[in-house]
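K.L.:
Output the structure for:
(5 chains)
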Amino acid sequence: MNDLNFPILSALIFLPVAGAALLLLISRSNESLIKWISLIVSTAAFIISIPLFTEFNKSTHLMQFTEKHSWIPSLNINYSLGIDGISILFVLLSTLITILCVLISWNSIKAKVKEFYISILIMEGAMLGVFCALDFMLFYLFWEAMLIPMYLLIGVWGGSNRIYAAVKFFLYTLAGSVLMLVGIIVLYYQSGRTLDILELTAKTYPYPLQLWLFWAFFAAFAVKVPMFPLHTWLPDAHTEAPTAGSVILAAVLIKMGAYGFIRFSLPLFPEASRAMTPVMLALSVIAIIYGAVICLAQTDLKRLIAYSSVSHMGFVTLGIFALNLQGMEGGILQMINHGIVTGALFLSVGMIYDRTHTRQISDYGGVASVMPVYAAMFMVFTLASIGLPATNGFIGEFLIILGGFRANQWAGVLAATGVIIGAGYMLWLYQRVFFMETKPKVAGLADINLREIITLLPMIILIFWIGVYPNVFLGFMHESVKHLLERVNSGGAHEASIAKNILEIIK
Amino acid sequence: MPFVMPDLGPVMPEIVMTCLALLILLADLVIKRKETIAFLSIASAAIVTYLLAGSAGITFKGMFIADNYSLFFKLIFMLNVILTVLISVKYIAIEKVNFGEYYSLILFSTLGMMLMASAGDLIVLYLGLELMALSAYVLAGFLRHDIKSNEAAIKYFLLGSFASAFLLYGISMIYGLTGTTDIYKIGEEVNRLIGESKISTSSPIHPFTHSPLLLSIVMFAAAFSFKIAAVPFHMWAPDVYEGAPTSVTAFMSVGPKAAGFAVLGRVFLTAFGAARIEWTGILIPIAALTMAVGNIVAISQTNIKRMLAYSSIAHAGYMLLGIIAGTSEGMASVLNYMLIYAFMNIGAFAVVIMLRSEGFKGDNISDYEGLAKTHPLAAALMLVFMFSLTGIPPTAGFMGKFYLFMSAVSAGYVWLAVTAVIFSAISAYFYLRIVMYMYMKEPKAEVQLSASPGIALALAITVIAVLIIGVLPSKVISVARIAAAGF
Amino acid sequence: MLPELFFGYYASAIVIFSLLVVTRSNPVHSIMWMLLLFFHIAGLYLFLNAEFIAAIQVIVYAGAILVLFLFVVLLLNLREELKVKKFIGSWPAGLFIAAALLVIILSVVKSFVPGPAGKYSIEFIKQETHTKALGTLLYTDYLFPFEIASLVLLVAIIGAIVLAKRKKGN
Amino acid sequence: MNNYLLIPFLPLAAFLINILFGRKYLKENSHWVSILAVAGSWIVTVITLLDVLSGKIINEDLYSWIVSGEFKASVGFLIDQLTVVMLIVVTTCSALIHIYSIGYMRGDKGYYRFFAYLSLFTFCMLMLVMANNFLQLYFGWEGVGLCSYFLIGYYFDKKSASDAGKKAFIVNRFGDFGFGLGIIMIFLTFGTAYYAPVFSQAKNFAAQTVNFLGYDVHLMTLIALLLFCGSIGKSAQMPLHVWLPDAMEGPTPVSALIHAATMVTAGVFLVARCSPIFSLSETALTVVALTGAITALFAATIALVQKDIKRIIAYSTISQLGYMFLAAGVGAYGAGVFHLYTHSFFKALLFLCAGSVMHAMSGELDIQKMGGLKKYMPITYWTMLFASLSIAGMPGFAGFFSKDEILWLAYSGQSPVGKFVWVIGALVAFLTAFYSFRLIFLTFHGKFRGTHEQEHHLHESPKTMTVPLILLCIGAVASGWVGIPHLLGGGAHFMEFLKPVLGHSEANATHTEEWMVMAISTIAGFSGIGLAALFYLVKTDIPVRLAQKFNTVYKTLWNKYYVDELYSFIIVRPAIWTAKNILIGITDARIIEAVVNGVPKGLGEFSRILRKVQTGLVQRYAAIMALGLLIIVAYMLWR
Amino acid sequence: MVPLNWYLILSAAVFMIGVFGFLTRRNIIIIFMSVELMLNAVNISLVAFSHYLQDMRGQILVIFIITVAAAEAAIGFAIIIALFRNKDTVHVDEMDEMKG
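P.N.:
Okay, here's the model as predicted:
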């Protein structure tokens, strides 16, 4: 139902794309005009997304602000958009993050400014598309469309080893999501030629098919999350991407994988998901501890934060596959928190990188005495990252450990150790960069100016807002998550012999 | 019996095409400015396209079938002609082979394709094929002074005649078995033959062992695989694509391949329809091999024309999926993919042609370094085509592939679709290398672009088509489904 | 018994001559053997009472195409051709493939059953004379392919001129 | 308006004002903001004390913090007897230390930052104490941990200070790990995280066992021990005590406030607050008692040989905290809290005196380089002397009443380890007296052993520092009087006051034994002081000879039983080693990267091989075509 | 009466000799001749079929095959002459400008 009778979601998706088109027309030379237009467009997108926040009716799990037009009638594929409790927060996060990216790369991007802002705006359109799509085809279209701008962002404006990182990122994600494409097609025929997510979730599928499709979807989503064995693209992509690139990558792109699990893998394949939870929990716990411990030995600033997001996303997947209310809500909230916190961390690293042009931690030292305001803000982000109460990190992590512990005690306990190691590497990082005597390389740095403060301010507000009064955000998800869990925990009876059915499927 | 003149309505486009081609041949003697000849040939293509609309029906006692199926292919051929002529106007001037015969040969080759598309009889099919092939051999060797072009022509000629010899052997075998060369009658006859042999071999599902029929099917498969450059009959494609003038390569990468698929579809689905299990058994390994070789060997290419050759081999592999599906949906997906393939392929070649300027060959991949900095628009166009060839969503390439894989999965070939999907992921590697060279490397030499109104128009058509079909494919898919309704 | 004998002669002659054509080092000798081959093939056609085809074979094939071969061979004055080895390095592979294909086709041909008979019985042709029958069919039912054949020849001419004719300038 | 809200939110407001406007506007006079706030809280605390005395218990929620399904946690306040006692302790010490810090921190660069952190600490401690549910307790818990990290690492340009801060926070995190799991177990068993319902229903879960990580464990014991993990971390008990001695890197007022009076006592407060749970499980209580006793003994022995004045007092704090846990372990929660109450006064006083000594000696900490400061700093000397007397348990002083109460209840209580623990307690009392007075004699008596230039600067601290010393001295002495036991005619008002919350342990032993226990502890105290006088005033060579003779013992004590080295060897270094070598070296680099880079390289290699097939010879192409045809036909015919 | 199969055997033999010649000879002219041989083999089988099937279609196809063969020969030699002018070799295995 769409009580706003104004196609708000389509406007939200295609405004940035239109902005990008507008940028095409502007000549390459007056860069300031390009920058201002992209800022105006991204803020406009944010303003449009605010009514979503206020008009959202929290008492129902049904999709809201829905739109449905036929797209390829002959194949019964239609252009349908809609958001519910789970996806609304991501839409807001994406619009907010894009503004910050435009602000952060105000004067750090010198070459090919026009293409840069076009990629950012198209990126935003694709991101929003992924979160609002209700038709599998549309979802897959936005899912893959987002690869191109990200590939260019890393490849063209990246660091020294950017080409390797960009190609690795592209092939990693493509290989995974291409298997999902076949999964979608098989699903299309199994469910009687429809791709509408709501219709698909209503049907039940034979268990062996669910298993195959679960693993096909796992290939696509696990690469994006990134879950343990498939994560090696993340550190390279992060270290080589420009600041805006790694912020978008950390804040929103990674969330799509986990969002995919929640929106598609769980409701579509309830038995398979239930059967696979032990594997998933194990992978998540490994990711948490593996990511945290490896951070202890990192020498590159961005690489350390990248591995920390591997650890944080391990928490998220733990929460999701705990398959209980606390775990799931904790997982979703932790995705938002991680987006804010790691996004902010990358923004601040970008600011310091613009000044010192080095990412080696050993080059830094005693920055607090030189840039006190910057140090204070970075401290807030560090605390949120290690999940200190009153910051958003704690709410997410506590609910996840609670949910994880309920699902599987070992998973809960081992995940809780991740919190300790997390405090270890983050504080050690903060100490090596900010405390101790000031290194010559850092001596004469100017503290962050007004623009940079404005970039970080919304993040700090959100951190404390979610930390102190999370009900505003948790309130969105209650109904949707309850509905989802009913579907996952009750969905369909469990067939007996697996081997026989799999053969029948393949022949 | 008195000679009654067969109804020439359905064949009118071909007749008009012949006359116009001859007209252009003559006009070439009179007019010195070759651009007008180019313009004339585009006009004639336009006239023929207009005539196509009205021409539906069967004449010459079943030898010439102008149904929706052939109509769709003829549209692709016309599109191919128009775009090729547009991009070759300035190109052949640069290559200093600016003769009028070039355009008439292109028209004759297209005429051959049109005949193949609507051939109802094996004899007409063979003659159409030879007409197309002969003009293609000459076009391939058009750069008389360039050794590579000669070598391309001789290779194409020898292997072409070798393959058509096999085709003839197949035709003679089928003629011997069924006593007729009309495709539909052969279909009925083959049906009867299989019926008999199935009774004799007791088990119905086990494929029959009527070896002469099998042999002729294999002969046909070999000849058509040669035309669409499917493995193991693909060896000619890379050398010929590299040697031939780029505009001819563009023409050859779309025209003959589409004609090959038209004939493959017609013969295999109607004539050998009853023996479907057998020839799918043949085509599945061929398709898998084609995708494998096409994508893998393309990775280590340094010459862009050779890389695009292997990429077109790979695309032939993808399209075979639709034929293997065997359903009308499968055929529709092939038609749809063929049209999209035409746009993106010619677009890519157009950019390659733009890079060819006085004294700068521009067909090595390393020549593309830093193109985004020197010519951002050209680089952006190439980016769109590369992503479309890989099959990344917002572009038409993805829609084509998606519909192809859908028809393959609906026919139960899930594992074939998975291999196809994995290979298209591998293909991302070498398509991306081009984008990487253009955007992520500093320009070496100062590259001069030889842009002309013709190429600009062709690029505009192709890039708009690729993007529009990418976003709104429903129109093309429904037309393709109507066209393939017959099977 | 006579027809078998007659066929035996022709078949063996054809096979031997084609082998000679393919294996002679001097192209001119090959062409001569080819000429003999064509005559024997024409004879075979007569045996199969396809007189017109036999005539075409002799006139077009032997007369025109072979002559063209001869011109080109002489044009390219391949003197040194005799001394150079005539087979490519990996010729046994070629032999093996050809032989294998032959074996397979022979095994297939054994169980060959021809399709239904058409209406042009041998007596009808004798009575109608082969050329007349062929002509009527060619210009009524098969008029369309005939026209295409003419186009094929036209394209051949254009192609030959475009590629081979020496341009005024260079 | 329920004015108790002001108690925590005044310091919070002070913190925000200082941190936001401190650097530019307030600079030197930013201390006024904090002091006014803490004084305000003190006044409101007194008012609430009067309310509680008149029987008004408050337990209400401000707003619901986390709501997720049936899990509900809110920011809520519970004001009962225990809370009020803690409030008094926290606000009084905090106020006095604020005033003391004006003098101590004068002229420091980050002046505003120091007071901001102090106010933030006070806010967190108050939230911890006043919580009515476990989540807000956890919030306060981690909040004070954070402030101790800030304040220990206050001089952040010193590597040792920032290391100490980081160490404190991480060790606390180890404790909070267990504490968090405890809270989760509580929620999973009781279905709620609020104190009231949890403590009331605790009884009917008494006999239940639960499967925890595969082992069947008594439920209450499990929860109690998990909560106890938190208190070990926070109150620096064995094995998580390593951070407290290093925390002396922070400024002295910080040590006084956080590492003496308030934060470290949070562990005891937690055990006291959750007494209903602890008392349900025998094993948990014995564990608490033993840990307390062992830690007390362990810390006291180390304190004997320390040279740094602040380190000695730090180890004495650990030892005294051991006492409080010993009390709680034997069921005498009231006595534990009473000792906490008195200890916070004289320990804060000891630290502040040490601070003023350090101030006078321009930063010198080694007591061997001091001596004879009596005549230069009379007020500091006398206040420190009273504090030492009180800690040594001299009759009449606060320490005597609270320590004696603990030893008596240990001896007489029915806890199985009661007697054994009492013996250790008495021994520790002797050691405490000994090292306290070793400190007094070495610093104030004898001749000056420092450099001439230091001697020249010796002066008494300014009034802003001495006034708090005097006030605290009064507290150190008088605070015990409120809990004089029945034996000595007092009304034991303190224990009576806390009875409704903590219940009371009946002592089944005769009066004579009570006198005997009191006598033993007094004698232990006097002999400790006498021995110290003998060693350090009369025959100063004995300690040196003893040190040589028992050199190994001396060295282990000096190196704090090598615990720090042990931890870094077991935990820190292997973690970093695995990260560097195994994770980066092997898994990431070889296994995953090998696959990830291997596949494209393999494809590239295969592609180069395939390219060679394309030799450019027409006849090879034709041969491959024919071969392909051959294979297909063969496959078709003989399938 | 000579059975049909004999003709087929003969045509198969000649066809395979043509294939052999095509695959092994170095001189392009001889390769051309091998192609002509293959086409003649097909012609033989077609005429045989049309004789035994009593149907004229085969012979009509033979006529068209001959015309196409003529056209092919013309174009083939044109290409050879063009090639000869640039590289004056007639041996196929020397034409490997393009490989890989």
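K.L.:
Residue A:389: how many residues sit nearby?
P.N.:
25 (other C-beta atoms under 10 Å in any protein chain shown). Every residue, glycine included, has its C-beta placed from N, CA and C.
K.L.:
That one against residue D:139, yeah?
P.N.:
Yes: under the criterion of C-beta atoms under 8 Å, residue A:389 makes contact with residue D:139 at 4.0 Å.
K.L.:
quick one: average pLDDT of the helix or strand where residue B:227 lies?
P.N.:
Assessed by DSSP states H and E, residue B:227 sits inside helix B:211-228. For helix B:211-228, mean pLDDT is 92.
K.L.:
Tell me which helix or strand comes right after it.
P.N.:
Next in line after helix B:211-228, if elements are assigned by DSSP H and E, sits helix B:236-243.
K.L.:
Just want the angle from that following helix to helix B:211-228.
P.N.:
Helix B:236-243 and helix B:211-228 are oriented at 20 degrees to each other (axes from the mean of the first three to the mean of the last three C-alpha atoms, to 10 degrees).
K.L.:
What residues of helix B:236-243 count as buried?
P.N.:
For helix B:236-243, a neighbour-count test (16 or more other C-beta atoms under 10 Å in any protein chain shown) marks B:236, B:237, B:238, B:239, B:240, B:241, B:242, B:243 as buried.
K.L.:
can you check stretch B:406-418 too?
P.N.:
Neighbour-count burial for stretch B:406-418 [16+ other C-beta under 10 Å]: B:406, B:407, B:408, B:409, B:410, B:411, B:413, B:414, B:416, B:417, B:418.
K.L.:
Nearest spatial neighbour of whichever residue of chain D sits closest to chain C, chain-adjacent residues omitted?
P.N.:
Nearest residue of chain D to chain C: residue D:626, at 4.7 Å (C-beta to the nearest C-beta). Leaving aside its chain neighbours, residue D:626 sits nearest to residue C:97 (4.7 Å; criterion: C-beta to C-beta, 6 or more residues apart in numbering or on different chains).
K.L.:
in what helix or strand does the one you found lie?
P.N.:
helix C:91-110.
K.L.:
and the angle for that helix with helix B:211-228?
P.N.:
130 degrees.
K.L.:
What average pLDDT does helix C:91-110 get?
P.N.:
On average, helix C:91-110 scores 90.
K.L.:
Ok, stretch D:177-186 next?
P.N.:
91.
K.L.:
Kindly report the same for stretch B:373-381.
P.N.:
90.
K.L.:
Give me the contacts around that stretch.
P.N.:
A:28, A:112, A:115, B:347, B:351, B:354-355, B:371-372, B:438-439, B:442-443, B:446-447, B:449, B:459, B:463 (C-beta atoms under 8 Å, 6 or more residues apart in numbering or on different chains).
K.L.:
out of these, which are buried?
P.N.:
A:112, A:115, B:347, B:351, B:354-355, B:371-372, B:438-439, B:443, B:447, B:449, B:459, B:463.
K.L.:
Go through the buried residues of helix B:236-243 and name the one nearest chain A.
P.N.:
For the buried residues of helix B:236-243, the nearest to chain A is residue B:238 (24.2 Å; C-beta to the nearest C-beta).
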